[in-house]
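Chemist: Sequence first, predicted coordinates after that:
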Amino acid sequence: MSDKERFATKWGLILSVLGIAVGTGNIWRFPRIAAQQGGDDGAGAFLIAWVTFLFIWSIPLIIAEYGIGRNGRKGVVGSFIKLVGEKFAWAGSFVGFVATAIMFYYSVVAGWCLYYLIESIFSALPESVEQADAVWNGFQGSMLPSVFHALIMFCGALVIIKGIKSIERINKILIPSLLLVLIIALVRALTLEGSGAGVLYLFTPDWATLKQPRLWLEALTQNAWDTGAAWGLILTYGAYMRKRDDITITALQTGIGNNIVSLVAALIIFSTVFGTLGSQMTDGEILNVMQTAGPAGTGLTFMWMPQLFHEMAGGKILAILFFLGLTFAAFSSLISMIELATKVFIDMGITRKKAAIAVCATGFLFGLPSAMNLEFFANQDFVWGVGLMVSGGFISFAVITFGADKFRNTLVNTDESKVKLGKWWTAIIKYVIPVEVITLLVWWIYLSAAIYAPETWYNPLSTFSVATVLMQWGIMMALFKFYNHKIAQKTILN
């Protein structure tokens, strides 16, 4: 890999990795998950579990991904092969596919963001919940979600075709702009009368909720969504990392910086919702709106927020800024997902242009079901969101197979490293993360079968069943295992 295929600056690397992580997962997903996992007294217990997983899941895995990527200088599959050998090409393939499967429907969400940005600019904000519902339902009942899905994928292809320099340049514009928009939106939201109730609820712990297994599962998967840990995306960008860049410092900067953005987004949403609805509803009714609005929680951002903006002074401008930031966030994350799949095919000898076009065309086709059916969308979000835990397990397994101490001492603690990674990281990668994966998966399967869905857990056609998850994971793992040799040989020979 030539110097032209490196990030030109440390700033470009940080912003691009923030582009991976700072996406709709922070602005669209995090506030609704926090609301859904909140108890009667508040959502602070969820935040405690979420921050815990930042340090015992996300940051250790981000360090591992940087090390694997910079060592391999290839995509997910090629870097896995270099670290642990050809026989584990299937594991790298599965990690890459989880992120790609998320890309299929994530581009649909990015399309929603772009549509609502245009809607907020050229149309009057809805004056009531009914009008907001009508806009959402009219949009979803048309072909427009598919059209905007196609448009977003096309724009992604234009960036990826030009390579890592193009990715770096676009993120140097998108991410600072996004952060500026969020700061402006935060200041306005916090000045709303009654916004303090939302802030208080967000940070007040309801300790009883820590006994709920689902809270811990959601906290882990949400932190993975927030930071991009275990997606293989940071691994892919790690292949373009300069040798002199410090992996440990970079991982801490991206992990902590990203979670701060999530908290800012949650403050904006909770302050706006409580500040606007506080005079009309009780706290319980407001929470019900945040927890249940729309399929898969889509209603909070796309049905309620435009109507709430209408009720505040300067709401039109704030609505435009909000959806501009959301669009920027979605697009910066989407291009990293496209790059992941594109890089895998480049490693197999396909030109960047052909690989990018093929990935985006396939992404459009496989994303159409989610664009056309929200129940299918919710199923994919459920299946592959939980799949990030398996990806984390595979990344941990790769490091353990290579030798965790050897990995730390040779691939992370290089001569150029300013901060030396301690043995705490080895302990987390070798013991904590495997225990987290096994415990939470077994816990989740048991509860789904015994408590949450005793009548449908075995039905692979049920949207949120254990069977649908295991079936889809199993099919992809079996395919990658069957073609393991071909995948490895094709990647090695090019």
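Modeler: Thanks, I have it. In this text the structure is predicted, and so the values were computed from the model without any measurement.

Chemist: rest of the way, CA atoms for contacts and neighbours
Modeler: Will do.

Chemist: Assign a three-state SS to residue 241, would you?
Modeler: coil (DSSP: H, G, I helix; E, B strand; the rest coil).

Chemist: mind checking the backbone torsions on it?
Modeler: Reported as degrees, to the nearest 10, the phi and psi values for residue 241 are phi -80, psi 140.

Chemist: so what's it up against?
Modeler: 6-7, 13, 70 (CA atoms under 8 Å, 6 or more residues apart in numbering).

Chemist: May I ask which of those residues has the most neighbours?
Modeler: Within the contacts of residue 241, most neighbours by other CA atoms under 10 Å means residue 13, with 25 neighbours.

Chemist: low pLDDT regions in the protein?
Modeler: Along the chain, segments meeting pLDDT under 70 span 1-5, 21, 23-24, 292-299, 494.

Chemist: ok, residue 493 - contacts?
Modeler: Taking CA under 8 Å, 6+ apart as the criterion, residue 493 is in contact with residue 348.

Chemist: what packs against the host helix or strand of residue 433?
Modeler: Secondary structure from DSSP states H and E places residue 433 in helix 433-447. Under the contact definition 3 or more CA pairs under 8 Å, 6 or more residues apart in numbering; DSSP states H and E, helix 433-447 sits against helix 213-227, helix 374-402.

Chemist: So for residue 315, which of the ones you listed sits nearest?
Modeler: Among those, the nearest to residue 315 by CA to CA is helix 213-227 (27.1 Å).

Chemist: need the next SSE after the closest one, C-terminal direction.
Modeler: helix 233-238.

Chemist: thinking in terms of the whole chain, how far from its middle is that following helix?
Modeler: Helix 233-238 has its C-alpha centroid displaced from the chain centroid by 14 Å (CA atoms, centre = their mean, to the nearest Å).

Chemist: Give me the contacts around it.
Modeler: Applying CA under 8 Å, 6+ apart, the contact partners of helix 233-238 are 13, 17, 20, 62, 65-70, 73-76, 99, 228, 336-337, 339-340, 343.

Chemist: what comes up buried for it?
Modeler: Across helix 233-238, burial judged by 16 or more other CA atoms under 10 Å covers 233-238.

Chemist: cool, stretch 365-373 as well?
Modeler: Of all the residues in stretch 365-373, those buried under the rule 16+ other CA under 10 Å are 367-372.

Chemist: Relative to residue 52, which of those is nearest.
Modeler: Comparing the buried residues of stretch 365-373 against residue 52 with CA to CA places residue 370 closest, at 32.2 Å.

Chemist: Please state the offset of the helix or strand hosting the closest one from the chain centre?
Modeler: Residue 370 belongs to helix 352-372 when elements are defined using DSSP H and E. Computed by CA atoms, centre = their mean, the separation of helix 352-372 from the middle of its chain amounts to 18 Å.

Chemist: what's the answer for stretch 91-110, then?
Modeler: Relative to its chain's centre, stretch 91-110 lies at 10 Å (CA atoms, centre = their mean).

Chemist: got the CA coordinates for it in PDB?
Modeler: Extracted in PDB, the C-alpha atoms of stretch 91-110 (Å, rounded to 0.1, in the frame of the first residue of the first chain):
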ATOM      1  CA  ALA A  91     -14.800 -15.200  10.600                       C
ATOM      2  CA  GLY A  92     -13.500 -12.000   9.000                       C
ATOM      3  CA  SER A  93     -16.100 -12.400   6.300                       C
ATOM      4  CA  PHE A  94     -18.900 -12.600   8.900                       C
ATOM      5  CA  VAL A  95     -17.600  -9.500  10.700                       C
ATOM      6  CA  GLY A  96     -17.600  -7.700   7.400                       C
ATOM      7  CA  PHE A  97     -21.000  -8.900   6.500                       C
ATOM      8  CA  VAL A  98     -22.600  -7.800   9.800                       C
ATOM      9  CA  ALA A  99     -21.600  -4.200   9.000                       C
ATOM     10  CA  THR A 100     -22.700  -4.600   5.300                       C
ATOM     11  CA  ALA A 101     -26.100  -6.000   6.400                       C
ATOM     12  CA  ILE A 102     -26.500  -2.900   8.600                       C
ATOM     13  CA  MET A 103     -25.500  -0.800   5.600                       C
ATOM     14  CA  PHE A 104     -28.400  -2.200   3.600                       C
ATOM     15  CA  TYR A 105     -31.000  -0.600   5.900                       C
ATOM     16  CA  TYR A 106     -28.800   2.200   7.300                       C
ATOM     17  CA  SER A 107     -28.900   3.800   3.900                       C
ATOM     18  CA  VAL A 108     -32.700   3.800   4.100                       C
ATOM     19  CA  VAL A 109     -32.400   5.800   7.400                       C
ATOM     20  CA  ALA A 110     -30.000   8.200   5.700                       C
END
